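A.B. asks: below are the sequence and a predicted model; questions follow.
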Amino acid sequence: MDRPLSGLAWLDRSKGNPGSTADLLRRLGQGDIELTHEAFHHLQPWRAAAHLRELLMNCGILPAIDKQICSFERWLIEHLADIPDPDHAQIIRRFAIWEVLPRLRARAERKPITPAARRHVADQVKQATAFLTWLADRDHTLATCGQTGVDAWHVEHNEYARNSIRSFLLWCSASKLTRPFRLPPVQISRAAPMPQTERLELIGRLLTDPSLPLRVRVAGSIVLLYAQPLSRVIRLTLDDIIRADQQILLRLGEPPSPVPDSLAELLFRWIDSRDNMNTATNHACRWLFPGRRAGQPIHPDVLAALLNDIGIPTTAGRTAAIRQHVLEMPAPIVAEL
């Protein structure tokens with residue numbers, strides 16, 4: 001670390017208290033805590049334990065696992081413990097372990113899990129739990145639930161709840177836990193794009209207003225110029241910025257995209273002054289937007305909040321950028337980006 005005293009202060013914080021960093025490390029050293037991910041799922045306070053686990057993974061002491069899967073597995077243990085009906089808990093455990101987690105792990109092999117994806121699968125589990133309680137309140141079980149019960153539940157709940165329960169109901173049907181039924185088609189709503197003139201005004205503000213924080217100027221410009229979701233923006237690294245033939249390129253797809261001179265200047269200024277670089281967490285890291293956790297970029301929700309604070313609506317802006325790109329370029333090129 002460039003500033004070792006901050007690391008010593010972190011170790012000394014709440015020294016002697018159960019759950020402090022020093023306490024967790026001492027218990028690991030004494031063998032009271034097994035050096036496994038399963039053991040870390042049960043440690044409290046969970047934030048301190050999660051931070052320590054990510055440091056251990058970054059150092060190669062624990063096997064590397066997607067942090068969102070770790071977060072979901074820890075949450076699942078607490079959720080199952082809070083279900084009062086043991087039969088319901090057993091069904092939810094089977095659904096989570098046999099259906100949800102395998103899908104999450106398969107997705108993690110292709111690309112990192114986003115916080116939004118982790119929240120979505122947690123909502124699926126929560127809605128499944130609520131559905132079982134709803135059935136019990138009407139003196140029904142999954143075995144007696146058929147089309148009438150599914151229709152009644154859909155009528156009483158909003159669109160998000162109906163979409164969240166879909167995976168559980170399909171799993172129940174495939175597992176022969178319910179009577180045959182049919183589900184209504186999924187309704188997908190899309191955010192309205194902002195007008196092109198407003199998008200251009202925001203891009204101009206980001207590129208020229210020195211009063212705005214440099215981090216949000218760079219991130220917002222990438223969203224509004226290249227139609228990138230924040231979950232992808234945060235995964236950019238220094239290696240994705242390429243110098244080629246007196247031109248700066250940004251690797252978003254193949255081939256990499258050219259970067260306007262005004263944005264290129266901001267990019268290199270930001271690289272020289274990135275935040276969260278003074279601790280062991282991110283020493284010499286390659287993330288374009290480093291976070292506070294070991295080996296992790298900034299959380300997309302944090303970046304979204306920073307952009308919203310200066311009036312950059314990321315979803316509407318990205319939708320507007322996609323629409324404009326489709327008007328100017330062949331659709332396959334836009335899809336690749």
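C.D. replies: That came in fine, so what should we check first?
A.B. asks: going forward, measure contacts and count neighbours with C-alpha atoms only.
C.D. replies: Noted.
A.B. asks: tabulate the CA atom coordinates of stretch 153-168 in CSV.
C.D. replies: Extracted in CSV, the C-alpha atoms of stretch 153-168 (Å, rounded to 0.1, in the frame of the first residue of the first chain):
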residue,chain,number,x,y,z
TRP,A,153,-52.7,-14.9,-8.1
HIS,A,154,-51.9,-13.0,-11.4
VAL,A,155,-55.1,-10.9,-11.0
GLU,A,156,-54.1,-9.8,-7.4
HIS,A,157,-50.4,-8.8,-8.2
ASN,A,158,-48.6,-6.3,-10.3
GLU,A,159,-46.6,-6.9,-13.5
TYR,A,160,-43.3,-7.1,-11.8
ALA,A,161,-44.5,-9.8,-9.3
ARG,A,162,-46.1,-11.7,-12.2
ASN,A,163,-42.8,-11.7,-14.1
SER,A,164,-40.8,-12.6,-11.0
ILE,A,165,-42.9,-15.7,-10.2
ARG,A,166,-42.8,-17.0,-13.7
SER,A,167,-39.6,-19.0,-13.3
PHE,A,168,-40.8,-20.7,-10.1
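A.B. asks: pLDDT weak spots in the stretch 1-150 of the chain?
C.D. replies: Low-confidence segments of the stretch 1-150 of the chain, defined by pLDDT under 70: 1, 14.
A.B. asks: in the protein, which helix has the most residues?
C.D. replies: helix 115-137 (DSSP state H).
A.B. asks: which is the next helix or strand following that helix?
C.D. replies: Note on helix 115-137: by DSSP states H and E, the next helix or strand toward the C-terminus is helix 147-156.
A.B. asks: angle of the very next helix or strand once past that next one against helix 147-156?
C.D. replies: The helix or strand immediately downstream of helix 147-156 is helix 159-174, counting by DSSP H and E. Helix 159-174 runs at 160 degrees relative to helix 147-156, counting by axes from the mean of the first three to the mean of the last three CA atoms, to 10 degrees.
A.B. asks: flag every buried residue along helix 159-174.
C.D. replies: Buried positions in helix 159-174, judged by neighbour count with 16 or more other CA atoms under 10 Å: Ala161, Arg162, Asn163, Ser164, Ile165, Arg166, Ser167, Phe168, Leu169, Trp171, Cys172, Ser173.
A.B. asks: list just the nearest of the residues you listed to Ala81.
C.D. replies: Taking CA to CA as the measure, Ala81 sits nearest to Phe168 out of the buried residues of helix 159-174, at 19.5 Å.
A.B. asks: how about the contacts made by that closest one?
C.D. replies: Applying CA atoms under 8 Å, 6 or more residues apart in numbering to Phe168 gives the contacts Phe95, Gln124, Val125, Ala128.
A.B. asks: was I right about the last one contacting Asn163?
C.D. replies: Which is Ala128. No - taking contacts as CA atoms under 8 Å, Ala128 lies outside contact range of Asn163: 11.3 Å.
A.B. asks: tell me the spacing between the residue most central in space within the chain and Arg232.
C.D. replies: The residue lying closest to the centre of the chain (CA atoms, centre = their mean) is Pro115, at 1.7 Å. The spacing between Pro115 and Arg232, counted by CA to CA, to the nearest Å, is 12 Å.
A.B. asks: and Trp134, by the same measure?
C.D. replies: To Arg232, Trp134 is 38 Å away according to CA to CA.
A.B. asks: likewise for Trp270?
C.D. replies: 18 Å.
A.B. asks: could you do Ala96 as well?
C.D. replies: Separation of Ala96 from Arg232 (CA to CA): 27 Å.
A.B. asks: please say which of these two ends up with more neighbours.
C.D. replies: Ala96 (22 against 13; other CA atoms under 10 Å).
A.B. asks: so who does Glu54 touch?
C.D. replies: Taking CA under 8 Å, 6+ apart, we find Glu54 in contact with Lys67, Arg293, Ala294, Gly295.
A.B. asks: and if we set it to 10 Å?
C.D. replies: By CA atoms under 10 Å, 6 or more residues apart in numbering, the residues touching Glu54 are 60-62, 64-67, 70, 281, 293-296.
A.B. asks: and it, helix, strand or coil?
C.D. replies: Three-state assignment for Glu54 (DSSP: H, G, I helix; E, B strand; the rest coil): helix.
A.B. asks: please apply the same query to Leu25.
C.D. replies: Following three-state DSSP, Leu25 is assigned to helix.
A.B. asks: what does Pro18 give?
C.D. replies: Strictly by three-state DSSP, Pro18 counts as coil.
A.B. asks: now do the contacts for it.
C.D. replies: Per CA under 10 Å, 6+ apart, neighbours of Pro18: Leu24, Gln44, Pro45.
A.B. asks: just the buried residues out of the residues you listed, in PyMOL syntax.
C.D. replies: Of these, the buried ones can be selected in PyMOL as follows, counting by 16+ other CA under 10 Å:
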select buried, resi 24
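A.B. asks: out of the contacts of Pro18, who's nearest Asp85?
C.D. replies: Distance to Asp85, by CA to CA, is smallest for Gln44 among these, at 25.1 Å.
A.B. asks: how about that closest one, what does it touch?
C.D. replies: Neighbours of Gln44 in contact, by CA under 10 Å, 6+ apart: Pro18, Gly19, Ser20, Leu24, Ala50.
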